[in-house]
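Chemist: structure for this input, please:
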Amino acid sequence: MTQFDKNQLETALLYFQARTEKLEDEILKARADLDNMRKRKEEEKKETRRKGKHEIAESLLDVVDGFERALDALDDDAASGVEMLNQQLHDTLEKHGIERIEAEGEADSRLHRVVEERSHPEPSGHIVREERPGFKSGDRVIREAEVVVSKGSEDTTD
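Modeler: Down below sits the predicted model:
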C-alpha cells in the first residue's frame, strides 16, 4: 500500500475542493440557462398566440364592416336579424380580448387615423364622426379607428 505524506493529501484535498466548487458553479449556470430558456420559450409561445389572434382579428374586421354596412342598408325587420349576428360577432371578438376603440373626444394618433377635418362647433381635434371602427387587443392596436375631426368653428367674429 502506498503511503502519502500530509502535504500530498492536503494538495489533493485542495484540488478536489476547487474542482467541486467549479462543478457546482457550472451546475448553477446550467440551471440558470435552462430556466432562462424555458422563460424565453414561454414568451415566444405567448407572442405567437398574440400574433395569431391579431391576424384572425384583422381578417374578421372586414366581416364586421360588412355587417355594419348591411345594417345601414336594410329595413327594420331584416336589420334585426343581421344586428343579432353582428352582436354575436362583437361578443366573440370581445371574449377573445379584442375590443372596439372608442371614437369620442379628442383624437389620439395611437388609436385614431384622421381621414378628414371639417368645420364643426366641437373644439379643434375632437372626433365628430367615426368612418370605420378601430379595434385593439390589450395595448396592441389591430386597426386604427378612421375618424373625422373638427378643425374648429369657422366663426371669426371679434
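Chemist: please count neighbours and contacts with C-alpha atoms only from this point.
Modeler: OK.
Chemist: Provide the count of other residues in contact range of L93.
Modeler: 20 (other Cα atoms under 10 Å).
Chemist: next: D77.
Modeler: Neighbour tally, D77, other Cα under 10 Å: 8.
Chemist: so where does it fall, helix or strand?
Modeler: helix 76-95 (DSSP states H and E).
Chemist: check which helices and strands the helix or strand following that helix is in contact with.
Modeler: With elements assigned by DSSP H and E, the helix or strand that comes after helix 76-95 is strand 98-100. Contacts defined by 3 or more Cα pairs under 8 Å, 6 or more residues apart in numbering; DSSP states H and E place strand 98-100 against strand 135-137.
Chemist: what comes into contact with the strand it packs on?
Modeler: H54, G97, I98, E99, R100, I101, V141, I142, R143, E144, A145 (Cα atoms under 8 Å, 6 or more residues apart in numbering).
Chemist: distance-wise, check the second one relative to K136.
Modeler: In other words, G97. Separation of G97 from K136 (Cα to Cα, to the nearest Å): 8 Å.
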